[in-house]
Every structure is written in structure tokens, then in C-alpha cells.
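**Student:** Mind looking at a prediction? Sequence and model below.
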Amino acid sequence: MSIQAIFLGAPGSGKGTQAKNLVMDLNFNHVSTGDLLRAEVEKATDLGKRVSDIMSRGALVSDEIVLELLKNNCDLSNGAYIFDGFPRTIDQAKALDEVVLKDFPSKAIYFDISLDVLKERLVNRRTCGDCGAIYNLVYKSPKTDGKCDLCDGPLVDRKDDTEEAVGNRLNVFKETIDPILEYYEQKQRLIRVDAGLKPAEILEKVKVALE
Ligand code: AMP
């Protein structure tokens, strides 16, 4: 049975980038609750309308809404998944085990990085509106301004990558992460990876952790 990967880390810690790498290299499926919620907002569904304000403030959407969305968008009989952005609360961690993973073995990877560097990273982040590739105007700028290197799609900044929302998101992270780490540590399923390393080095460590 393949191992399921739970990615934990602050906004901007590199979870999304590494998830995309693992999908390409090891054929993982990727489910990001942030991406699922943004798609609802984009399509202006009832759910999207309910969560739009919460998300642009950088606050957390309710556990019930996110769990339901997650359940509807992953099927573990398809193989290994990366859970990106879920769990964000201890109740979500428990629900992930009890309702989604059940008997599937899993490991939690914590992308460990000093929060001080993340604000700058996030306000300079740009994402391709077509393929989702992630850039940073300071550290990983696109070859042509405003265009994706991979597919030529338009680079956009996320609504919640403003200074104020980023501040809120980092505060929410600080206030919620410790019990989640403790939960996986107690179950001996936690692996900490230094997310301050170069992306290629981080990828290697993540692959070793999931072997
Ligand atoms: P992300 O793309 O993971 O940074 O998520 C963007 C936003 O979506 C967060 O700031 C929350 O408002 C919301 N969100 C994503 N995942 C969750 C979750 N597991 N629980 C609650 N809110 C979430």
C-alpha cells in the first residue's frame, strides 16, 4: 500500500512547490484545500461566496466545509496523495485519520522554516493562472515579465498575498501548528525537513522521508 503524504508548513514554506515536484517525479496525486477553495470562489458557487471574504482576510474556513470539500476530491484507491494545506487544526488532523485515511499508512512532513523570511516571500509570490507554476519576483523570477516560463500563461498574485492578509495567515499558523505537530509526533509519523534549504535539496529529503 503506498504511503500518503501530509504536508505541513507555514504559508510560503514551499509545500505547494514540492508537491508539484513530487507529482511529476513520483506520480503522487495532489490535493490542496486552498486550490479547491479558490476554484469555488472563482466559479462563484454558493460555497465560494461563503468563503471568499474569510479567505481574503487570511482567516480559516470552517473545519466542516473544508473536510467535505476534501472528501469529495480525493479517492485513495487511486494511489498515493499529497494532502497540502490540510490539516490546519487539530480536529482536521483527527478527521483526516478517521474519515479519510482510515487504514492507509501516512507520514506528515513538516516544512520547517523561520517565519521571519516568509512575509517577503509571500508578497513577492506570483502563480501562473493557467498551469499553477509558482514564481517569486526576488528569488525565482520568470524569464519574461508577467508570463509563465512553462506555458506562457499570465502570472497573477493571490488575493491573500497582500501584506495584511499575509500577516494574518502567519499569525493563524503560529497559533495552530503546535498541537498538530504534537499529534503526529506522538504517533511517530512526523518528519521535519529544513525548508530553508535549496528546493532540489528539500525535494531529495522529502523523497527519502516518504520511502
Ligand atoms: P492555502 O492555499 O493553503 O494557503 O490556503 C488559502 C486559504 O484557504 C487559507 O488562508 C484559508 O482561508 C483557506 N484554507 C485552505 N485550507 C484550509 C483548511 N484546511 N482549513 C481552513 N481553511 C483553509
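**Tutor:** Noted; the coordinates are in hand. Residues are numbered from 1 along each chain as shown.

**Student:** which ones are touching the closest residue to the ligand within the chain?
**Tutor:** Nearest residue of the chain to the ligand, counting by CB to the nearest ligand atom: residue 34, 2.0 Å away. Where C-beta positions appear, they are placed from N, C-alpha and C, glycine not excepted. Contacts for residue 34 (CB atoms under 8 Å, 6 or more residues apart in numbering) come out as 84, 85.

**Student:** Please report how far it lies from residue 202.
**Tutor:** With the distance defined as CB to CB, to the nearest Å, residue 34 ends up 19 Å from residue 202.

**Student:** If I look at the residue lying farthest from the centre of the chain, what pLDDT would I see?
**Tutor:** Each residue of the chain has a distance to the centre, and by CA atoms, centre = their mean the biggest one is for residue 144: 26.3 Å. Residue 144 carries a pLDDT value of 96.

**Student:** Could I get the contacting residues of it?
**Tutor:** Neighbour list for residue 144: empty [criterion: CB under 8 Å, 6+ apart].

**Student:** Can you tell me how far the residue of the chain closest to the ligand is from residue 160?
**Tutor:** Residue 34 is 9 Å from residue 160, by CB to CB.

**Student:** Helices of this structure, start to end?
**Tutor:** Ranges of helices in the chain, per DSSP state H, are 15-26, 33-43, 46-57, 63-72, 90-95, 118-123, 163-186, 199-209.

**Student:** pLDDT of the second one, averaged?
**Tutor:** Averaging pLDDT along helix 33-43 gives 95.

**Student:** Can you give me the buried ones in it?
**Tutor:** 33, 34, 35, 36, 37, 38, 40, 41 (16 or more other CB atoms under 10 Å).

**Student:** again with the first one
**Tutor:** Counting neighbours by 16+ other CB under 10 Å, one finds that the buried residues in helix 15-26 are 15, 16, 17, 18, 19, 20, 21, 22.

**Student:** what's the answer for the longest one, then?
**Tutor:** In terms of neighbour count (16+ other CB under 10 Å), helix 163-186 has its buried residues at 165, 166, 168, 169, 170, 172, 173, 177, 180, 181, 183, 184.

**Student:** Now narrow these to whatever sits close to the ligand.
**Tutor:** Checking the buried residues of helix 163-186 against the ligand by CB under 6 Å from any ligand atom, the ones in range are residue 169.

**Student:** Can you add pLDDT and give the buried residues of helix 163-186 back as CSV?
**Tutor:** Shown next, in CSV, are the buried residues of helix 163-186 (pLDDT from 0 to 100):
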residue, pLDDT
165, 92
166, 92
168, 94
169, 95
170, 95
172, 96
173, 97
177, 97
180, 98
181, 98
183, 98
184, 98
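
**Student:** and the helix or strand bottoming out on mean pLDDT in the chain, what other elements does it pack with?
**Tutor:** Within the chain, confidence by mean pLDDT, DSSP states H and E is lowest for helix 118-123 among all helices and strands, at a mean of 88. If you count contacts as 3 or more CB pairs under 8 Å, 6 or more residues apart in numbering; DSSP states H and E, helix 118-123 packs onto helix 163-186.

**Student:** which residues sit against the helix it packs on?
**Tutor:** By CB under 8 Å, 6+ apart, helix 163-186 touches 6, 8, 10-12, 56-60, 87-90, 93-94, 108, 110, 115, 118-119, 122-123, 159-160, 190.

**Student:** do the same with stretch 69-78
**Tutor:** With CB under 8 Å, 6+ apart, stretch 69-78 has contacts from 4, 29, 31, 33, 36-37, 40, 47, 81, 83, 86, 96, 99-101, 104.
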